[in-house]
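A.B. asks: dropping a prediction and its sequence here:
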Amino acid sequence: MIIKSLVVNNFRVFRGVHEIDLAPRKQREYHDAPAPIVLFGGLNGAGKTSILTAVRVALYGRAAFGRGMTATEYQAQLDALIHKGVGISEGKSSIELVFTHSHNGIESEYKITRGWSRGQKDRLVLEKDSEELSQMNYDQCQSFLNELIPSGIADLFFFDGEKIAELAEDESGEVLQTAVRRLLGIDVVERLRNDLAIYLKRHDAAALPANIKAQIEKLEADREAAEKAAKAMANEAVLCRAKIDLIAADIDKAEGELSRRGGAWANSREQEKAKQNTLEAERKELEKTLRTEIEGNLAYAFAPKALSKLFTQLEAEKSAKQTTSFNAELQSFMNELSQELSFRLADSTTALSTIQDCLNARHASQQNTDILLDISDREFNQIHSQVNVLAPEAYSRFDTARQRLSVVEEEIASLSVNIARAPEQEQVEAQLFTIKSLTKKRTEAILEHKETAESAKRLYREAIDLARKVQKLHDKHKVAHDAEASLTNAQNAHTMLADFSEKLTQVRVKQLEAEFIKSYQKLARKEDLQLSARINTQSFDVELIDENGHTISRKALSAGEKQIYAISILEALGRTSGKQLPIIIDTPLGRLDSKHRDKLIKFYFPEASHQVIILSTDTEIDESYFNSVDFKYSISHAFEIQFDGSTKSSKVKEGYFWEQTSKTVAEVN
């Protein structure tokens with residue numbers, strides 16, 4: 001299969017009609033065959049993912065958005081895809097996809113046209129070799145496309161590079177099991193076995209004795225009744241679930257009303273009051289402490305300059321009094337000395353005069369201080385202790401109590417506001433009663449849901465048991481020896497196909513294991529890691545085994561390693577199946593480090609398929625990669641998607657970020 005062209009009209013960020021040539025081209029200098037890679041470059045939000053989305057929507061319609069989507073949800077998705085840029089008000093969009101596909105060795109060209117208007121169902125037209133398949137209606141066309149390229153397979157070939165890592169996290173193996181069975185043809189064998197089983201069952205029933213046939217008919221009737229009852233119970237369970245959701249919504253509404261009435265404050269009213277009383281008691285104690293300190297030595301701490309002058313005066317007076325006392329003693333001693341000298345010396349006048357001059361000089365040099373306060377040494381020491389020891393301690397206690405009092409008063413004020421907000425208990429009792437009643441109803445509904453769900457399960461098990469009994473009766477009373485040759489052949493083929501399916505699965509799984517190991521070791525960053533793989537033939541779960549035989553947990557892999565793991569599985573599936581399908585990869589290198597990127601650029605993209613459409617940002621396939629020898633010779637042609645902020649739309653120009661040509665993809669406004 002080769003996708004030749006894509007035409008989008010007013011689709012997502014693309015305004016007007018854009019026709020994009022996707023067919024691989026031959027590089028004259030480098031290749032005998034067309035180069036496989038068609039490269040799209042665009043900044044985030046430019047419209048790269050729109051290319052992938054357009055291909056998937058064109059091919060699969062509703063299935064492109066996942067399983068179980070309702071018609072209403074699908075319509076909403078389509079409406080969201082219509083371009084909403086500046087100057088566009090048509091309210092309609094369309095996609096055309098042209099591709100070639102080979103069936104039984106004959107290649108044909110198909111053209112899909114899917115269009116829709118806002119609020120209206122999409123229209124689907126399918127052409128084969130330029131002729132419209134008008135005999136097929138919408139559902140038949142979609143069914144034909146689903147058979148042409150099953151969506152379960154396309155999910156593994158048209159993918160988001162970051163989201164494909166989810167394949168590594170699928171512990172159930174369901175995704176891989178579906179892909180393996182479809183890609184490797186195992187599902188065809190299973191369908192043939194099922195068809196043969198239906199054929200045999202019909203012929204067996206026709207050949208059974210009347211009494212056995214009656215037993216089977218009764219068992220079948222009981223089985224159908226059990227299935228019907230189980231479905232009814234399952235519906236009841238769904239209704240119960242809806243009932244639970246409605247009650248939960250009512251509870252939310254009642255709680256919201258309670259909150260608006262101050263219910264949240266009412267719940268804590270008593271606690272707030274108790275805390276307020278405690279803080280009030282603390283405030284009284286703090287105020288008492290402050291008064292005590294104020295009445296004590298605290299005042300001394302508030303006049304440091306005045307007290308400094310006071311102590312200067314007191315020290316001076318103390319020194320002056322000591323000097324006066326000493327001078328008085330000295331003068332008394334001098335009087336006694338004068339008398340002694342007068343008696344002992346014949347001429348004592350000179351000596352006495354000299355001594356008196358010295359005393360006078362000493363008195364003159366002494367500083368005179370007025371005695372103003374005249375306190376005793378004991379009083380001085382008491383004042384000194386009060387000012388320099390007791391006053392700082394009092395201030396410290398006072399300041400601590402003052403700061404705590406400020407905090408306490410703020411908390412009391414805040415509590416008062418909260419208490420004032422809280423309504424009285426009587427005002428919220430009605431809401432509280434409503435919530436209590438609704439909670440009780442929800443509990444009852446949950447129990448009812450559990451009971452109905454269990455009943456549904458029990459009835460389904462009963463229906464399964466009855467079906468097994470029917471099958472046992474069929475198996476017990478087979479009349480193969482009286483059947484025609486076709487019946488015998490069908491029975492033999494049914495048995496043979498079971499063995500063939502099992503052996504085919506084992507052979508294919510072994511091939512897949514070998515291809516996976518080859519791909520993973522080629523792309524993994526740790527070249528020296530000797531990995532092997534083991535795939536369960538029942539669950540199709542893949543286990544990585546290291547060189548020591550230990551299983552490597554996929555949960556322990558980084559996001560980039562999971563992406564490499566998933567891409568290795570995809571490459572292995574493609575090589576094992578031999579199917580020629582194009583690959584479209586959006587955001588191929590987003591989660592990968594530089595070494596993983598180098599591996600993909602060199603070993604994966606150029607060899608992944610005969611057509612590889614890559615949707616990249618400038619930081620993924622950058623200039624160095626674009627011009628690398630391993631990559632550039634595999635590029636058929638490239639486009640850059642450019643977003644215009646003024647029109648809120650994008651255009652596609654041929655060329656890449658660093659290589660632009662004058663050619664612009666066709667656009668009609």
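C.D. replies: In hand now; what should we look at?
A.B. asks: correct me if wrong: residue 132 contacts residue 125.
C.D. replies: Yes - using Cβ atoms under 8 Å, residue 132 is in contact with residue 125, at 6.3 Å. From N, CA and C alone the C-beta is placed, and that goes for glycine too.
A.B. asks: tell me how far residue 318 lies from residue 383.
C.D. replies: 12 Å (Cβ to Cβ, to the nearest Å).
A.B. asks: same deal with residue 642?
C.D. replies: Distance of residue 642 to residue 383, computed by Cβ to Cβ: 90 Å.
A.B. asks: could you do residue 435 as well?
C.D. replies: 71 Å.
A.B. asks: one more: residue 5?
C.D. replies: 107 Å.
A.B. asks: tell me how this structure divides into domains.
C.D. replies: 209-265+427-476, 269-421 (automatic domain parsing).
A.B. asks: would you mind finding the most buried of those?
C.D. replies: domain 209-265+427-476 (a mean of 15; mean count of other Cβ atoms under 10 Å).
A.B. asks: any idea of the mean pLDDT in the helix or strand that contains residue 468?
C.D. replies: With elements taken from DSSP states H and E, the one containing residue 468 is helix 425-476. Averaged over helix 425-476, pLDDT sits at 82.
A.B. asks: pretty sure residue 244 contacts residue 443?
C.D. replies: No - taking Cβ under 8 Å as the definition, residue 244 is not a contact partner of residue 443, at 9.6 Å.
A.B. asks: follow-up on the earlier one: got JSON lines for the domains of the chain, with distance to residue 500 too?
C.D. replies: What follows is these, written out as JSON lines (distance: least, Cβ to Cβ, whole Å):
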{"stretch": "domain 209-265+427-476", "distance to residue 500": "21"}
{"stretch": "domain 269-421", "distance to residue 500": "76"}
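A.B. asks: nearest to residue 145, of the ones you listed?
C.D. replies: Comparing the domains of the chain against residue 145 with Cβ to Cβ, the closest turns out to be domain 209-265+427-476 (31.7 Å).
A.B. asks: tell me the contacts of residue 225?
C.D. replies: For residue 225, the contact set (Cβ atoms under 8 Å, 6 or more residues apart in numbering) is empty.
A.B. asks: if you average pLDDT over whatever helix or strand residue 227 lives in, what comes out?
C.D. replies: Element membership of residue 227, judged by DSSP H and E, is helix 210-260. With pLDDT averaged residue by residue, helix 210-260 scores 82.
A.B. asks: what is the burial count for residue 58?
C.D. replies: 25 (other Cβ atoms under 10 Å).
A.B. asks: do the same with residue 566
C.D. replies: 23.
A.B. asks: counting by contacts, list what the next helix or strand after the helix holding residue 468 packs against.
C.D. replies: Counting by DSSP H and E, the next helix or strand C-terminal to helix 425-476 is helix 485-523. Here helix 485-523 touches helix 174-183, helix 186-207, strand 532-535, helix 559-577, helix 594-599, going by 3 or more Cβ pairs under 8 Å, 6 or more residues apart in numbering; DSSP states H and E.
A.B. asks: got the angle between helix 485-523 and helix 559-577?
C.D. replies: Here the directions of helix 485-523 and helix 559-577 differ by 140 degrees (axes from the mean of the first three to the mean of the last three Cα atoms, to 10 degrees).
A.B. asks: and helix 485-523, how far out from the chain's middle?
C.D. replies: How far helix 485-523 lies from its chain's middle: 39 Å, per Cα atoms, centre = their mean, to the nearest Å.
A.B. asks: what about it, average pLDDT?
C.D. replies: Mean pLDDT, computed over helix 485-523, is 74.
A.B. asks: kindly report the same for stretch 353-370.
C.D. replies: Across stretch 353-370, pLDDT averages out at 73.
A.B. asks: so what touches it?
C.D. replies: Contacts for stretch 353-370 (Cβ under 8 Å, 6+ apart): 316-317, 319-320, 323, 327, 330-331, 334, 337.
A.B. asks: repeat the analysis, applying 10 Å as the threshold.
C.D. replies: 313, 315-321, 323-324, 326-327, 330-331, 334, 337-338, 341, 348 (Cβ atoms under 10 Å, 6 or more residues apart in numbering).
A.B. asks: centre of the chain to that stretch, how far?
C.D. replies: Distance, centroid of stretch 353-370 to centroid of chain: 98 Å (Cα atoms, centre = their mean).
A.B. asks: can you check stretch 556-563 too?
C.D. replies: From the chain centre to the centre of stretch 556-563 is a distance of 16 Å (Cα atoms, centre = their mean).
A.B. asks: and it, what's buried?
C.D. replies: Residues of stretch 556-563 classed as buried by neighbour count (16 or more other Cβ atoms under 10 Å): 557, 560-563.
A.B. asks: nearest to residue 544, of these?
C.D. replies: Looking across the buried residues of stretch 556-563 and measuring by Cβ to Cβ, the closest to residue 544 is residue 557, at 8.5 Å.
A.B. asks: please report how far residue 159 lies from residue 584.
C.D. replies: 7 Å.
A.B. asks: shared neighbours of these two, which are they?
C.D. replies: 52, 56.
A.B. asks: quick one: mean pLDDT for stretch 328-340?
C.D. replies: 79.
A.B. asks: outside of it itself, list whatever touches it.
C.D. replies: Stretch 328-340 is contacted from outside by 348, 351-352, 355-356, 358-359, 362-363, using Cβ under 10 Å, 6+ apart.
A.B. asks: and stretch 132-143, by the same measure?
C.D. replies: Contacts of stretch 132-143 (Cβ under 10 Å, 6+ apart): 59-63, 110-114, 121-127, 144.
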